[in-house]
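J.: Coordinates for the following, if possible.
(2 chains)
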There are 2 protein chains.
Amino acid sequence: MKDSKDISSYMELLGSEAKSASEVLSTMSSQQKNSALISMAKILEEDKEEILKANNEDLSDAKTSEIGEALTDRLELTNSRINTMISGLLSIAELPDPIGSVTKLKPTPSGIKISQMRVPLGVVGIIYESRPNVTADAAALCLKSGNSCILRGGSEAFKSNTVIANSLKKGIVREGLPEASIQLVNTIDREAVKILLGMDKWVDVIIPRGGKGLVKLISDEAKVPVIKHLDGICHVYIDEECDQEKAVSIAINAKTYRYGICGAMETLLINENIASKVLPVLNKAFKEKGVELRGCNRTLEYIDISKAQEEDWVTEYLAPLLSIKIVDNLQSAIDHINEFGSAHTDCIVTENSDKASLFLRKVDSSSVMHNVPTCWADGFEYGLGAEVGISTDKFHARGPVGLEGLTSLKYLVEGNAELRGD
Amino acid sequence: MKDSKDISSYMELLGSEAKSASEVLSTMSSQQKNSALISMAKILEEDKEEILKANNEDLSDAKTSEIGEALTDRLELTNSRINTMISGLLSIAELPDPIGSVTKLKPTPSGIKISQMRVPLGVVGIIYESRPNVTADAAALCLKSGNSCILRGGSEAFKSNTVIANSLKKGIVREGLPEASIQLVNTIDREAVKILLGMDKWVDVIIPRGGKGLVKLISDEAKVPVIKHLDGICHVYIDEECDQEKAVSIAINAKTYRYGICGAMETLLINENIASKVLPVLNKAFKEKGVELRGCNRTLEYIDISKAQEEDWVTEYLAPLLSIKIVDNLQSAIDHINEFGSAHTDCIVTENSDKASLFLRKVDSSSVMHNVPTCWADGFEYGLGAEVGISTDKFHARGPVGLEGLTSLKYLVEGNAELRGD
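T.: Model prediction:
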């Protein structure tokens, strides 16, 4: 499918079928949706070998095209990662169904009764890279929240995603759900993404998870509302009133739990009054883990590492690399984060609860943390069941986006012929 | 200011000052915000004569340029309408402050504590037409929800809006709030709207309330997230199992309460089994009110009115004009509404509660009503205090947008150095 006219009509077809499927899904019972999720999990289990085989092919293609360590880490599926996908589906089946729930609002002077009902958004388009588990997680969250989805995975994971999507489709069809409830775009041509971004006739929201090229394309082309999932330039700030042992373990875990995740710490901020104590310990610990450190001028007075450039403060390394800056006080830390961060996830390590409160209130990020490493930023860990992405927008949904982020509310107004008069 | 370079740097200035103001507002106490709202109300009261004078000038300009009855109705301020603005400000001061409220989420397996804090969006841009009361309502809702605002009113209400905005500014400055918390764009050049739509560096959301020209401009130019406020093509469906007296009074009120509001009924759907009974009564009542009727072919068999064209089903008249269609059954009514409506507000009149439930669930509109006229669609009437618009989007906020629609949530994550392991 190299002709852009072919792609265009193919995408139109995906869109219109997704819309029809979403109408069916929107009033489907929780039981039907849960049966479908359980059936999807079963078939993933049955198709495990086939999925691993396809993933191996993707991995060897990746070696040839040298996509880098972070992407390769994200791309790789293991038996245990597939089991995580399967248990993810089953745990989404067990989550309460948000759709159809009605919340009464307070009585109005006129006597008319107002309430709000939770409803699906409709058709969700998801554009992602590398991680094939997104295919299952995203499809399951969309399904449970009564939305159909159009998935566009990365070219490097095309074979893995194709097999996974087919397994999922087998699962829903077996339970009588429309096949078009879950659709994977069957071309790696970037033109398809462009078209998807403009299909406001069929698509209600786009959730992109990807690099800067994708973000640029979105800001140029998107007509459909977007839940953006941008860089994770995450900070840990070690306050002078911290427990030093906690501070070191939090910093190490925030960086090294997994380098390729968006919640990985990229810049460490240290209060000047504690720098001389913690920096040598951190330097030793990071060296043992093989993490390269880059410091501001004041940091270089304490430990022998290379000098950080301006650009380091705005870089998402996704690699064993960390920038370190010494700051005067809490406010300087907050200012640095709000200026150079990406409003994703930032943490303060302190035993002073007033300082913690101030940090949590003033740092303008989707997740603000106290005494826990930034790598916890994850919908599953937050109890959302799974996440379809981590929104760095403030609009609609912020932070890990689970079921509720994929829904909207409509007003129900009930009365007995109350009339409105001037 | 005719040079587009001048407009561009003027708008940049508005944007950066609004951003700074929003940072101050975001952590301001409820008491400070409420004092400012009360002070704004006081000064509107003091400046009443001046506001009416400016409004009179706008009204006589409007006569010259013949903007039509609906727009003139929206434009006109009376003593009583200014009092409504004032009491609107005072009632917003009395509403609970959404900002800073924290909701705990359920315990997580890891032991880290997750909660969500309600925070402002930041800078809200509002583009509106005609109705000068929007200036006060919108500014007050933004202020209470911790947001600064940039207001762009219609050219026909420029003088009224300028005086109102100045009064509001006097009110906030008197209470020590940043003057740039409320800014009115001081040019009627459309270029300013274009620039506003692209200022994603400074503006967090745009709320447009206007005609089709504005909607087109937005879909072409908007880089900033938009809460759309499109047409109100509202329907009343009279079911065969209705109370006929209620049905007639609801239909009359839905159309005639005020022709110029977006909640006014534009199409009346009538079940075929009751058409012969209600149509003559309705015909007489609407004639008395001076409403012109246009009917489908089946309607013309019962009453002598002009024939509706295809285009009538998708027209927001905002005038004493109504289209009438006879439908076979409930499902045909739902189908008509979902196909031709604008997902704004639609009502069923029936005494059968099962039919009502089905209608409320299946009609895909921001407000779905049972036995009350569509003209109730209004944030104040819903108990939101006031509204900044009625969203026909499903994304972020749907239906009347009050305080909560102008906020977002951020995750707070608290723990005791719990580490994440594979």
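
J.: ok, A:Ala308 - contacts?
T.: A:294-296, A:299, A:323-325 (Cβ atoms under 8 Å, 6 or more residues apart in numbering or on different chains). For glycine as for every other residue, the C-beta is placed from the backbone atoms N, C-alpha and C.

J.: Closest to A:Gly210 out of the residues you listed?
T.: A:Ser323 (23.2 Å; Cβ to Cβ).

J.: Isn't the closest one up against A:Arg294?
T.: Yes. Look at A:Ser323 against A:Arg294 with Cβ atoms under 8 Å: they come within range, at 4.9 Å.

J.: Need the overlap of contacts for these two.
T.: Both A:Ser323 and A:Arg294 are in contact with A:308, A:312, where contact means Cβ under 8 Å, 6+ apart.

J.: ok, these two, which is more surrounded?
T.: A:Ser323 (27 against 21; other Cβ atoms under 10 Å in any protein chain shown).

J.: Quick check: chain neighbours aside, which residue is closest to that one?
T.: A:Asp312 (4.1 Å; Cβ to Cβ, 6 or more residues apart in numbering or on different chains).

J.: hang on, the earlier thing: just the closest of the contacts of A:Ala308 to A:Glu12, please.
T.: The closest of those, once distances to A:Glu12 are taken by Cβ to Cβ, is A:Ser323, at 46.1 Å.

J.: Going by residue numbers, what spans are helices in chain A?
T.: A:4-26, A:30-46, A:48-65, A:69-75, A:79-94, A:133-144, A:158-174, A:191-198, A:212-221, A:244-256, A:275-289, A:297-300, A:330-340, A:353-362 (DSSP state H).

J.: just so I know, which of those lies nearest chain B?
T.: helix A:244-256 (3.9 Å; Cβ to the nearest Cβ).

J.: Now for A:Ile274: which residues touch it?
T.: A:238-240, A:242, A:244.

J.: Mark which of these are part of strands, please.
T.: A:Ile238 (DSSP state E).

J.: Can you tell me which of the contacts of A:Ile274 is closest to B:Met117?
T.: A:Asp239 (20.2 Å).

J.: so that closest one sits right up against A:Ser353, yeah?
T.: No. Using Cβ under 8 Å, A:Asp239 is not in contact with A:Ser353; the gap is 11.3 Å.

J.: neighbour-wise, which of these two wins?
T.: Using other Cβ under 10 Å as the criterion, A:Asp239 and A:Ser353 rank with A:Asp239 on top: 23 against 10.

J.: now the more buried one: how far from chain B?
T.: Separation of A:Asp239 from chain B (Cβ to the nearest Cβ, to the nearest Å): 14 Å.

J.: Export the helices of chain A as CSV, with columns for mean pLDDT and distance to A:Thr108.
T.: Output for the helices of chain A, formatted as CSV (pLDDT from 0 to 100; distance: least, Cβ to Cβ, whole Å):
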stretch, mean pLDDT, distance to A:Thr108
helix A:4-26, 93, 28
helix A:30-46, 98, 31
helix A:48-65, 93, 54
helix A:69-75, 81, 51
helix A:79-94, 94, 37
helix A:133-144, 94, 33
helix A:158-174, 97, 42
helix A:191-198, 93, 40
helix A:212-221, 76, 41
helix A:244-256, 97, 49
helix A:275-289, 97, 57
helix A:297-300, 97, 60
helix A:330-340, 96, 40
helix A:353-362, 95, 33
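
J.: Need the winner for burial among those helices.
T.: helix A:133-144 (a mean of 27; mean count of other Cβ atoms under 10 Å in any protein chain shown).

J.: So which other helices or strands are in contact with that helix?
T.: Packing contacts for helix A:133-144, counted by 3 or more Cβ pairs under 8 Å, 6 or more residues apart in numbering or on different chains; DSSP states H and E, involve helix A:30-46, helix A:79-94, strand A:123-128, strand A:148-152, helix A:158-174, strand A:182-184.

J.: Now do the fifth one: distance to the chain's middle.
T.: Right, the one you point to is helix A:158-174. 21 Å (Cα atoms, centre = their mean, to the nearest Å).

J.: Dump that helix to PDB, restricted to CA.
T.: C-alpha atoms of helix A:158-174 as PDB (Å, rounded to 0.1, in the frame of the first residue of the first chain):
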ATOM      1  CA  PHE A 158       5.200  -4.100  13.600                       C
ATOM      2  CA  LYS A 159       5.400  -7.900  13.600                       C
ATOM      3  CA  SER A 160       4.900  -8.200  17.300                       C
ATOM      4  CA  ASN A 161       1.900  -5.800  17.300                       C
ATOM      5  CA  THR A 162       0.300  -7.600  14.300                       C
ATOM      6  CA  VAL A 163       0.300 -10.900  16.100                       C
ATOM      7  CA  ILE A 164      -0.900  -9.400  19.400                       C
ATOM      8  CA  ALA A 165      -3.700  -7.500  17.700                       C
ATOM      9  CA  ASN A 166      -4.900 -10.600  15.900                       C
ATOM     10  CA  SER A 167      -5.000 -12.500  19.100                       C
ATOM     11  CA  LEU A 168      -7.000  -9.800  20.800                       C
ATOM     12  CA  LYS A 169      -9.400  -9.600  17.900                       C
ATOM     13  CA  LYS A 170      -9.900 -13.400  18.000                       C
ATOM     14  CA  GLY A 171     -10.800 -12.900  21.700                       C
ATOM     15  CA  ILE A 172     -13.500 -10.200  21.100                       C
ATOM     16  CA  VAL A 173     -15.100 -11.900  18.100                       C
ATOM     17  CA  ARG A 174     -15.400 -15.200  20.200                       C
END
